[in-house]
Each structure stands twice: as structure tokens, then as C-alpha cells.
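Asks: Need a 3D model of the following:
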Amino acid sequence: MKSVSGCKKALMLGAAAITVFLTSGAPVFGQVEAAKASDPLKLDQVVVSATKTEHTLGDVPVAAEVITKKEIEQRQVKTVADALKLLTGVEINQSSGSWGDKGKIQMQGLDAKHTLILVDGQRWLGGHGDATDMQSIPIEMVERIEVLKGPSSALYGSEAIGGVVNIITKQAYKEYSLSASSAIGSRATQIHSVTGGIKKGGFGGLLSYTYRESDGVDEETDRYSEHLVSGALGYEFSPALKVNIKPFYSEHKMIYQERTQERIGVNTAIEWVPDSLSKLTLSGSFFDYRHYTGDESSNWSTLAYDGEIMYSRLLFDRLLLTGGYQYAQENIDDQGKDYKADQKLHSFYLQSEINLHPVVFVLGTRVDDHDLWGTEINPKGSVLIKITNDLKLRGSVGTAFKSPSLAKLYADSWRMGPYLVHANPDLKPEKSIGYQLGVEYTFQKRHLAKVSVFRNDVEDMIVSKIVRTPPPPYGMYWENIDEAYTQGVEVSLTSRLTDTLTAQAGYTYLETRDKKLDKELTLRPKHRATLEFNQKIPQVGMNINVTGLYVGERFDSAYEGLDGYDLWNVAVTKDLGNNIQLFARADNVFGKKDVVDEYDLDGARFMFGAKMNF
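Replies: Reported below is the predicted structural model:
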């Protein structure tokens, strides 16, 4: 494998060389329109996360995918994790045990800790195993979900090795509104929510509350309840100057171990568009995550806040430059592991989008300077080639990193089962280089086909080393010693078969290898396929959605083979006039169970409910 540092130098030299070429046609601020809600191809859907600037999905230079609010409503899914299940190259881990984590995402065969989770562009915290859980994000507030695959540290820094999931929540309403929904289902599940919005002059407000509870598979260990509160406040001083403030609060309680997780925070953004060629954004966030258990053995709190300034400017009608600075700080007080620690991070990034129609280049790099593990520089280059209006090629290569957690750096001599875990302050970040190459073809204006290949090489992976010197507890030490790769092919086809019937199919082929053990990575299916049909029946105000998922063979932690399985789900929605909607959803309709690595699969599940709009 070509070294990560060598590839960084090549990318940076390439960025410097290509930036001098300037010709025509870059997007102008404020001129990207929203997608048509009825278009299943979504080529006109707005996407921001890929470059931190507005593009339509059909013209974005960096490969991206979007899940719309309309798709979420048609499928009647109730969590962000469920909304992501049909994407190619994505695996959702919902087997959380006593922690209650129900929404960790693995991308392109990499660990969940290598996926960066953002809400409105700000990092989301909380979860077990050095990965972020999405369970506590209320689906009722989601406007759309933007997904980037492959290395994205050139814009977003640490964790963005496998990709980025950015959940865009609803803005403050532009009119008065009120809606409420209630649902009950299998496993004593209840979900109730109410959302209201107001508008007066330049001010808009939105507030949403959701309550969830369920007994899970095993009531003794899985039973939980959740309170989720989120809002949006906005003020438009003028069409060129807007302020948005989005507060949130969540509480997740489990009976087992009297475990409680709390999240409270706020995201703030000020946008100023002085003219059609430039945009300035000031943003900041505050996030307080707290975790408790009844015996206080796992009590800890994480306080994180950051501030960012970003400026974009269109030059010569063909070069869009985006640059920014970000400061982030995190403080941890872990009573269970008996340590306190903090970290500070200064980050700078610069990106150029160069439109040499029909070719568009995106070249960027980010510098992250940490107060302990030093400086990381991660460049990325992407290209979009429009062979015709319907046939496009996209490719990218970039580096990324995952910083060691504060627990691995500072938490020393704490018990985890039969082990005594030791800190290693000399740990380095995990590093990767990733490649993406894809082709996209639209035909007959009703069908969209995509084929892409990818490879990710990761080095300096942090793993545990066990020293079994009797008597217990045995020593556990963290080391940067592992290397791995993932590579594969993703294929998808979206079709509007009739004006009321749409279909989507996806397939992922995955190869993985732990280079140290010379074995496949565990719990990574080599084959994965998805299928979706959505039928609208406007004459009676009904929508029927059918989805299928096949997960192929894979190895467990003992390298024993696990059989493949398939799942089928059905959702039906019925409108009663303009203000009332009834819905029903059946998951795992054929009752699949006893899947070793999918604890949550324990027979068919059903949910019924109603929603009212005023």
C-alpha cells in the first residue's frame, strides 16, 4: 500500500497545480431550488454536506445520497437508523445489549466509530464502544438526511474515515402549524409526539416533543423510555441576514442497571449573504452528555462546545473558494473510570471548486492541531465529469483519521470484567486513505442507475492487547498495531415505473481483510441487497410501501460462519380528509428470529397509529 503520508503530498501538490486553471460556470448563492417532492430520482434535491456549499444532487461534484422527509413518511419508520437501512454500503447495528444503543452505522465495511454523525452540521455525542448512537435524534424533526461515503476529514476532521451522516432538522416554520401523532405496537411499544410552529413578522419558531417506550425483546434487560424535546428559532433580519437557534434535550432511561443517558445542547448559525457571489456563516454548538447507572459504576459526563467561521466566494465565474476555522473543546469527568481530561482542537480548512465545464474539480485540505496527539493534515480531491446531461462520472481520493478517545489516552487501571484496563498517552490517530469511483446514468427521465467501486486502507488501528498473567484481573493495553482494508462494489437502480409506482433496488459486494491476522473482518456480510416498492393510490388517499433486505453470510468473532437471512417490511398509510392520517407498519413480516448477530430480530413486529394536522 502506498503510504498515507505519501498520498497526502501528492494530493496537496495536485490541488496547488489544478487551482490555477479557471474557466466557467459555478453555482451562485441562493439559486439552488428545492427538489420536487414527487421525484423519486431526487436529482434536484439540495445537498450541502458534500462540499459545505449548496448543490443539487444531480450536479454535486462529490458523491452523496439524500433520504428525504417524503421517503421517511412513506416508510413510516420511527428512527433515523431505520431510515438509513436501504442505502447501499451501509450496515445498521441495533444489537446494543444493556446500553440501549439502537442506531450505530457502519459504512463500506468499516467500524461504526469511523462514521461521523452530525446534526445540522454539529457533532452528536453519546454511545457505547467509542461510536455514536442515533437513537436519541427525533425522526419527527428530520427534514432530510445527507450521507457521504468514504474519507471526508478534508472538511470534517476526526472520525470521517468511513463517511459522514448529516441529519438536517426542520427550520423554524414560515406559518402557524400544529400536528400530533400517536402509535402503539408490539413489545408494548408506544410513540407519541406533538409539534407546533408559529410565525410573526421575521420571527419563526418550532417546538417538538416525542415520548417513546418499549419492552424490547427481553423486558427485564431491554425496557426503556425516552423523552425527546427539540426546537428551532429563527429570525430573518433581511433576505441576506438570518439567525437560527436549535436547542434540544433527550433523556433515555432503562430499567436494567437503572441506566440513564441525558443530552442537552444547542446549535446556532448566523448566515450573511452580502451579494450573489459570497456567503459568511458563523456557527457554534454546546453539547452536554451525561450517563448514570444505579450503582454509580459508570457515571460520567462529557461537555463539548465549538465555534466555526466559514466564508465562500465565487471568483472569475468559475472558481468557488471555501475556507474556515473551527475551535473545539471537550471536557470529560468520568467517575466510573476515575479520571478527568480535556482536549482542545484548532482546525483550518480550504476548498476550491473549479468548474471547467463539463469537468468539475473539488480540491481541499484540512489541518487539525490537537494539544496532545499533534497535527493531522488531510487532503482530498474529487472530480465530476459530465459526459452528457444523463451520463456522469465521479471519482475521489482522500485521507482521513480517527483520533484516540480520551478514555484510551487517560483512563488508567479501571476494571472491565476480568480485565484491568490501562491508558496509553502515546496513542496516535488511526489513519486511512480511500478511493471512490462511480458512474451515474439517467435514461428515459424515469430511471437512474448507479455503479461505484471503493477501497479504504486503514493503518495504526487501535486495538487491545491482553496480557494473561495470573491471577486475574488480566492486563489490557491499547496499541496502534493493526491494519485493515475494505473494498467493494455498490449498484443501485431507481425507477418511476408509472406515475404512482416507484421502485428501488440496491446491491453491495464487500471484501475485507485484517492484515495482521490475514482474515476477513468479522460480522461483515460479503453480499447485501435491498428492494423497495412504493405504490400511491390517490383515488382513495392511500400509500403502500414494501421493503426487503438480504444480508449474506459472514463470520462471527470466533470465525464461525453465520447464515444469510432476508427481511420484509410493509407500511400502509391512509388519509382521512386533509387533516387525519392513519398508518400501520409490519416489520419482519415472516418472523425471522435466532440471528446470532441481530439480537433485535425476534419475530414479526407491528405498529398502528394516527397523525393529525391542524
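
Asks: Can you say which helix or strand has G204 in it?
Replies: strand 203-214 (DSSP states H and E).

Asks: Can you give the strand pairings for that strand, parallel or anti for each?
Replies: Strand 203-214 has the following sheet partners, assigned by DSSP bridges: strand 189-200 (antiparallel), strand 224-238 (antiparallel).

Asks: roughly how far is the longest one from the heart of the chain?
Replies: Same thing as strand 224-238. 20 Å (C-alpha atoms, centre = their mean, to the nearest Å).

Asks: List the buried residues of that strand.
Replies: Buried positions in strand 224-238, judged by neighbour count with 16 or more other C-beta atoms under 10 Å: Y224, E226, H227, L228, V229, S230, G231, A232, L233, G234, E236. For glycine as for every other residue, the C-beta is placed from the backbone atoms N, C-alpha and C.

Asks: Contacts made by that strand with the rest, please.
Replies: 100, 135-138, 141, 169-172, 202-214, 216, 242-255 (C-beta atoms under 8 Å, 6 or more residues apart in numbering).

Asks: Doesn't L155 belong to a helix?
Replies: Yes - secondary structure of L155 (DSSP: H, G, I helix; E, B strand; the rest coil): part of a helix.

Asks: Please report how far V217 lies from S186.
Replies: Here V217 is placed at a distance of 10 Å from S186 (C-beta to C-beta, to the nearest Å).

Asks: for S177, that is, sorry about that
Replies: 31 Å.

Asks: Likewise for A400?
Replies: Distance of A400 to S186, given as C-beta to C-beta: 40 Å.

Asks: between these two, who's got more neighbours?
Replies: Comparing A400 with S186 by other C-beta atoms under 10 Å, the one with more neighbours is A400, at 32 against 16.

Asks: Now do the helices in this protein.
Replies: 4-18, 69-75, 80-83, 153-156, 219-222, 406-410 (DSSP state H).

Asks: Going by distance to R75, which of the buried residues of strand 224-238 wins?
Replies: L228 (19.6 Å; C-beta to C-beta).

Asks: and that closest one, what pLDDT?
Replies: You'll see L228 listed with a pLDDT of 97.

Asks: try P27
Replies: Here the pLDDT value assigned to P27 is 41.

Asks: shift numbering so it begins at 4
Replies: Noted, 4 is the first residue going forward, which turns the last one into P30.

Asks: Geometrically speaking, which residue is the centre of this structure?
Replies: V168 (2.1 Å; C-alpha atoms, centre = their mean).

Asks: Surely that residue is in contact with G106?
Replies: No - taking contacts as C-beta atoms under 8 Å, V168 lies outside contact range of G106: 10.1 Å.

Asks: Now do the shared contacts for the two.
Replies: Joint contacts of V168 and G106 (C-beta under 8 Å, 6+ apart) are M137.

Asks: all strands for the stretch 354-503 of the chain, in order.
Replies: In the stretch 354-503 of the chain, the strands defined using DSSP state E, counting those that start in this stretch lie at 362-373, 377-389, 394-405, 417-419, 422-425, 433-446, 450-470, 477-499.

Asks: contacting residues around the fourth one?
Replies: The reference is to strand 417-419. Contacts for strand 417-419 (C-beta under 8 Å, 6+ apart): G339, K340, D341, L423, V424, P476, M479.

Asks: How far off centre is stretch 515-529?
Replies: Stretch 515-529 sits 23 Å away from the centroid of its parent chain (C-alpha atoms, centre = their mean).

Asks: buried residues in it?
Replies: T515, R516, D517, E523, L524, T525, L526, R527, P528, K529.

Asks: circling back to that earlier point, using TSV, lay out the buried residues of strand 227-241 together with distance to H131.
Replies: TSV is the format used below for the buried residues of strand 227-241 (distance: C-beta to C-beta, whole Å):
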residue	distance to H131
Y227	14
E229	16
H230	20
L231	19
V232	23
S233	23
G234	28
A235	29
L236	32
G237	35
E239	41
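
Asks: Just name the closest of those to Q538, please.
Replies: When the buried residues of strand 227-241 are ranked by distance to Q538 (C-beta to C-beta), L231 comes first, at 31.4 Å.

Asks: Report the beta-bridge partners for the closest one.
Replies: T213, S253.

Asks: Roughly how far does it sit from P382?
Replies: 38 Å.

Asks: ok, now E162?
Replies: E162 is 17 Å from P382, by C-beta to C-beta.

Asks: just to revisit the earlier point, export only the CA atoms of the strand holding G207, formatted as CSV.
Replies: Extracted in CSV, the C-alpha atoms of strand 206-217 (Å, rounded to 0.1, in the frame of the first residue of the first chain):
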residue,chain,number,x,y,z
PHE,A,206,-39.6,35.5,13.6
GLY,A,207,-40.4,31.8,13.3
GLY,A,208,-40.5,29.1,16.0
LEU,A,209,-40.9,25.4,16.1
LEU,A,210,-41.1,23.0,19.1
SER,A,211,-41.4,19.2,19.0
TYR,A,212,-41.8,16.7,21.8
THR,A,213,-41.7,12.9,21.5
TYR,A,214,-42.2,10.2,24.1
ARG,A,215,-41.2,6.6,23.4
GLU,A,216,-41.3,3.4,25.5
SER,A,217,-40.8,-0.3,24.7
